[in-house]
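**Student:** Just a sequence and a predicted model for now, questions to come.
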Amino acid sequence: MLVSAEEMLIKARDGHYGVPQFNINNLEWTKAILNACEEMKSPVILGVSMGAGKYMTGFKTVSAMVKAMVDSLGITVPVCLHLDHGTYDGAKACIEAGFSSIMFDGSSLPIDENIAKTTELVSIAKEKGISVEAEVGAIGGEEDGVVGMGECADPDQCAKIASLGVTMLAAGIGNIHGVYPENWPGLRFDVLEAVRAKTGNIPLVLHGGSGIPDDQVRKAISMGVAKVNVNTELQLSFAKATREYIEAGKDKIGKGYDPRKLLLPGYNAMIETCKDRIRCFGSDGKA
Ligand SMILES: [Zn+2]
């Protein structure tokens, strides 16, 4: 059974740890994340981007696969299936497909339009017990074509969006999606503090959690961040382990080309990465 993110995030906020959101791309990702979180007794949010949903042939497929896998693996920790950076139509499609949580990313829209669409989606989702993440201001990243400093949210806009009844709020505090550039100056704790002061105690979300130094992640968690998104880190550890397997010529030995063998080193590497992040965020034993 899938659960909304609400209860796990309130517990995390009050207990000063972070719930990991690990993004999934396929069956191996899902299986590795679920098994790692079960072993660590950590609650988990499975993030699905619009692109990953399309890649997996649609949100209905994702929802059916995740529900069945939670059941067949005998997973006992709370599992939330969450749309990551959803469009308005994508959010509606995920509600329809059986997701237990959605993010509507209206950060690129004028604030009034972001407020209007977020409000509408909150009312649809609330009725079904589905949690909602909203975003204020763009979080920087390589898709912007400019790297270096991540963008920061306006605390007053954060207050407006937080008041709409959303479950959690993503606000840029200098964080970036993808690999962090050499010249990245670090998280803006002054902005986090200002956002915190204006938004009451709504659980905050730290996007672009791959590659932020652990001490900065832990400090952000201590200041109100209750969910940390991890995507790139799993992709990198999967790719590294797979490359080593191929470069060692192991796919040419026996039936090493069998996908169940070929994908195993990457799968195992993802489990280790998940466990490492869970320890950093302090969510182990919190399920
Ligand atoms: Zn993000």
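**Tutor:** Nice, I can see it. Numbering: from 1, shown residues only.
**Student:** what's stretch 49-64 in contact with?
**Tutor:** Residues from elsewhere that reach stretch 49-64, judged by Cβ atoms under 8 Å, 6 or more residues apart in numbering: 23-26, 48, 65, 81, 83-87, 90, 93-94, 96-99, 231. For every residue, glycine as well, the C-beta is placed using N, CA and C.
**Student:** The residues you listed in helices, which ones?
**Tutor:** Counting by DSSP state H, the part of those found in helices is Met65, Gly90, Ala93, Cys94, Glu96, Ala97.
**Student:** can you give me the strands for the chain?
**Tutor:** Listed from the start of the chain, the chain has strands (DSSP state E) covering 19-23, 44-49, 79-84, 101-104, 131-136, 140-141, 168-171, 176-177, 204-206, 225-230.
**Student:** what angle do the fifth one and strand 79-84 make?
**Tutor:** Put plainly, it is strand 131-136. Angular relation of strand 131-136 and strand 79-84 on a 0 to 180 degree scale: 30 degrees, by axes from the mean of the first three to the mean of the last three Cα atoms, to 10 degrees.
**Student:** For stretch 237-257, which residues meet the burial criterion?
**Tutor:** Neighbour-count burial for stretch 237-257, with 16 or more other Cβ atoms under 10 Å as criterion, is recorded at Ser237, Phe238, Ala241, Thr242, Tyr245, Asp251.
**Student:** can you check stretch 185-194 too?
**Tutor:** Buried residues in stretch 185-194, defined by neighbour count with 16+ other Cβ under 10 Å: Leu187, Arg188, Val191, Leu192, Ala194.
**Student:** Narrow these to those in helices?
**Tutor:** Among these, the members found in helices (DSSP H) are Val191, Leu192, Ala194.
**Student:** Phi and psi next, for the residue of the chain positioned farthest from its centre.
**Tutor:** The centre of the chain is farthest from one residue, Gly254, which by Cα atoms, centre = their mean lies 38.0 Å away. Note on Gly254: backbone dihedrals following degrees, to the nearest 10 are phi 60, psi -130.
**Student:** Roughly how far does it sit from Leu262?
**Tutor:** In this structure, Gly254 and Leu262 are 12 Å apart, going by Cβ to Cβ, to the nearest Å.
**Student:** So what touches stretch 66-81?
**Tutor:** Under the contact criterion Cβ under 8 Å, 6+ apart, stretch 66-81 has outside partners 1-5, 7-8, 24, 27, 30-31, 34-35, 37-38, 41-46, 48, 62-63, 98-101, 131, 287.
**Student:** nope, stretch 257-274 is what I meant
**Tutor:** By Cβ under 8 Å, 6+ apart, the list of residues contacting stretch 257-274 reads 20, 22, 28-29, 31-33, 35-37, 39-40, 233-234, 237-242, 244-245, 250-251, 255-256.
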